[in-house]
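**Q** From the sequence below, what's the structure:
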Amino acid sequence: MRLFHGKEWSGAWDGICLFLKETNSMKPSFREKINQFFQFPKISLIIILTVAVIIISLILNKVGNEFSLLAGKQISIGSRFFIGFGIALGFIFIYIYTLVLYRQSYFVLVQKNEKNLELLDEVKKKLIEQTEMEAELKRNYQIQTLLSDLLQISLLNTSMNEQLDEILNKIQTASWLDMKTVGCIYLTDDEDDVLIMNAFIGLHQTQISSFKRNPKNLCLCGKNMGSGKDGHMDVNKSRHVPKNSKEKYEVHYYLPIKHGNKILGILNLLLSGSHPINDKEDDFFQSVVDVLAGVIGQYQTDEKLNKTVMTLRAALGGTIHAMALTVEIRDPYTAGHQRRVSNLARAIATEMHLSKDQIEGVRIAGIVHDLGKISVPSEILSKPGDISLIEYSLINTHPQKGFEILSNINFPWPIAQIVLQHHERLNGSGYPAGLKEDQILIEAQVLMVADVVEAMSSHRPYRPSRGNQLALEEIMKNKGLLYNNKAVDACLKLFLNDGFQFNHKFDIDRYEESEAEIKSY
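**A** Numbers count the residues shown, from 1 in each chain. Just a heads-up that it's a prediction; the model follows:
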């Protein structure tokens with residue numbers, strides 16, 4: 001008698017082997033399902049036992065029915081117990097085996113999850129660091145770009161106030177600063193010991209009036225920033241957050257603009273309350289005030305230099321004035337000749353579009369071009385009538401004598417050479433060296449035309465005036481031969497088209513004007 005047919009035993013055994021094999025070599029997805037099932041051991045045990053009881057009941061029922069048919073009697077209770085107990089042990093064995101596999105799989109998964117979590121945390125940290133690094137690089141690029149723009153502004157050929165206004169506007173356009181377009185730049189006034197507002201942006205007229213002069217070192221919000229002179233203040237007060245302020249600004253900068261130990265001014269900016277405060281921003285503003293210090297310091301240095309140059313040139317003008325008077329005192333009949341020649345020569349040089357330096361050199365040389373006549377006896381200079389050959393030779397030495405006197409003075413123009421060459425002629429017939437064409441300075445070529453025209457137009461002790469007409473005919477006749485073509489054309493245009501004339505009545509006025517111009521250079 002067999003309880004099971006051969007095929008049923010074989011099928012049951014194959015099923016158990018297959019189950020154990022599948023359980024031992026479960027794929028991760030299947031193991032995860034089992035792990036979820038065995039996360040609650042008590043509940044899973046009850047479910048397993050319930051399934052086992054149901055299966056045992058079905059098996060015993062089938063076994064009992066088959067046994068009754070074969071043996072003609074019912075299976076005993078003891079037999080049923082042993083059969084059920086055996087099946088139950090099998091299920092318990094399967095449960096324990098599966099639970100052990102679950103535990104192993106569970107710990108493996110836990111370890112993997114922990115590693116994955118650690119890896120995920122590391123990836124998050126790297127992403128955060130990369131994001132922060134990118135933000136930092138972007139901010140540094142923005143800062144460097146803005147500083148570069150400020151440096152470009154400092155190189156513009158504009159006034160200091162225009163540059164300060166442009167710098168404020170450029171700072172205001174930086175979106176990352178979150179500036180509410182309110183700020184100003186003060187400059188120190190050493191004489192009155194007060195801060196003067198030289199540039200501002202976004203201020204109301206009442207604020208401008210209140211803070212135009214700032215003797216008490218006040219921020220635009222009204223906070224006292226220190227009591228020292230010339231803008232000295234507590235370093236810790238350079239940045240502050242006003243309390244109980246009715247204004248909408250919450251971060252204020254009050255930064256000294258320094259050149260060495262001297263404070264040149266103050267940069268006062270108001271930023272929005274949402275704006276974060278950080279040390280790198282402080283570094284940026286320090287760079288801004290360094291640029292401002294360079295701009296202000298350069299303009300102040302230039303101003304001092306210009307004043308020094310003005311003083312020196314005024315002294316030079318006084319020296320030239322004294323030289324001109326020396327000649328005129330010895331030769332009163334030619335008083336005003338040098339001034340008139342200087343004015344005409346300057347007008348000709350301007351009409352010829354010579355450079356500013358060349359025009360000024362012509363003007364200065366014209367004022368002293370006859371300085372060498374101080375070596376000629378006054379009796380010869382003021383002698384009426386004809387002069388002898390010897391006397392004429394003495395007079396002709398005045399360009400060389402003038403050169404010897406002027407060559408010891410360090411003029412910014414070739415004054416001595418111009419004076420030496422003003423009696424040369426293009427064809428070499430002049431004196432003292434008989435120079436030709438390009439050997440003669442262009443300034444001397446201009447001066448010789450003006451000297452000839454003025455000399456022929458004016459009265460001399462040895463002859464009356466010949467008039468402007470004859471003087472112009474003289475230079476026109478010898479144009480290109482004795483005199484420079486362009487200089488002659490310019491002189492003719494001045495007299496014939498522009499109405500230039502020697503007004504003897506206003507000689508003194510014209511001289512005073514020339515003296516003022518000398519002092520202005």
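**Q** tell me the mean pLDDT over stretch 272-289?
**A** For stretch 272-289, mean pLDDT is 72.
**Q** got it, and stretch 477-492?
**A** 94.
**Q** Output that stretch as CSV, nothing but the C-alphas.
**A** Taking Å, rounded to 0.1, in the frame of the first residue of the first chain, the C-alpha atoms of stretch 477-492 are listed here in CSV:
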residue,chain,number,x,y,z
LYS,A,477,56.6,139.9,-54.4
ASN,A,478,59.2,137.7,-52.6
LYS,A,479,56.8,134.9,-51.7
GLY,A,480,58.7,131.6,-52.1
LEU,A,481,61.9,133.4,-52.7
LEU,A,482,62.6,135.1,-49.4
TYR,A,483,59.5,134.2,-47.4
ASN,A,484,57.6,131.0,-46.7
ASN,A,485,54.6,130.5,-49.1
LYS,A,486,52.1,129.5,-46.4
ALA,A,487,53.2,132.2,-44.0
VAL,A,488,52.7,134.9,-46.7
ASP,A,489,49.3,133.5,-47.7
ALA,A,490,48.2,133.5,-44.1
CYS,A,491,49.4,137.0,-43.5
LEU,A,492,47.6,138.3,-46.7
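**Q** would you list every one of the helices in the stretch 251-400 of the chain?
**A** Taking DSSP state H, counting those that start in this stretch to define them, one finds helices in the stretch 251-400 of the chain at 279-330, 337-351, 356-367, 378-381, 389-395, 398-406.
**Q** Would you format those helices as a markdown table with distance to residue 451 and mean neighbour count included?
**A** Just so you know, the C-beta spots here come from the backbone N, C-alpha and C atoms, and that holds for glycine as well. Formatted as a markdown table, those follow (distance: least, Cβ to Cβ, whole Å; neighbours: other Cβ atoms under 10 Å):
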| stretch | distance to residue 451 | mean neighbour count |
| --- | --- | --- |
| helix 279-330 | 14 | 15 |
| helix 337-351 | 5 | 25 |
| helix 356-367 | 8 | 24 |
| helix 378-381 | 16 | 15 |
| helix 389-395 | 14 | 12 |
| helix 398-406 | 11 | 21 |
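**Q** mind checking which of these is nearest residue 268?
**A** Closest to residue 268 of the helices of the stretch 251-400 of the chain, according to Cβ to Cβ: helix 279-330, at 11.0 Å.
**Q** The closest one to helix 398-406, inter-axis angle?
**A** Orientation check (axes from the mean of the first three to the mean of the last three Cα atoms, to 10 degrees): helix 279-330 against helix 398-406 gives 140 degrees.
**Q** so who does residue 365 touch?
**A** Contact analysis of residue 365 by Cβ atoms under 8 Å, 6 or more residues apart in numbering lists 342, 345, 413, 415, 418-419, 422, 443-444, 447.
**Q** can we see that at 6 Å?
**A** Contact analysis of residue 365 by Cβ atoms under 6 Å, 6 or more residues apart in numbering lists 415, 418-419, 447.
**Q** most neighbours, which of these?
**A** residue 418 (32 neighbours; other Cβ atoms under 10 Å).
**Q** my guess is that residue contacts residue 442, does it?
**A** No. The pair residue 418 and residue 442 fails to qualify as a contact (Cβ atoms under 6 Å) at a distance of 9.5 Å.
**Q** For the stretch 101-250 of the chain, which segments count as helices?
**A** Secondary structure of the stretch 101-250 of the chain by DSSP H, counting those that start in this stretch: the helices cover 160-172, 205-211.
**Q** Buried residues, the shortest one. List them.
**A** Okay, so that is helix 205-211. Within helix 205-211, the residues scored as buried using 16 or more other Cβ atoms under 10 Å are residue 211.
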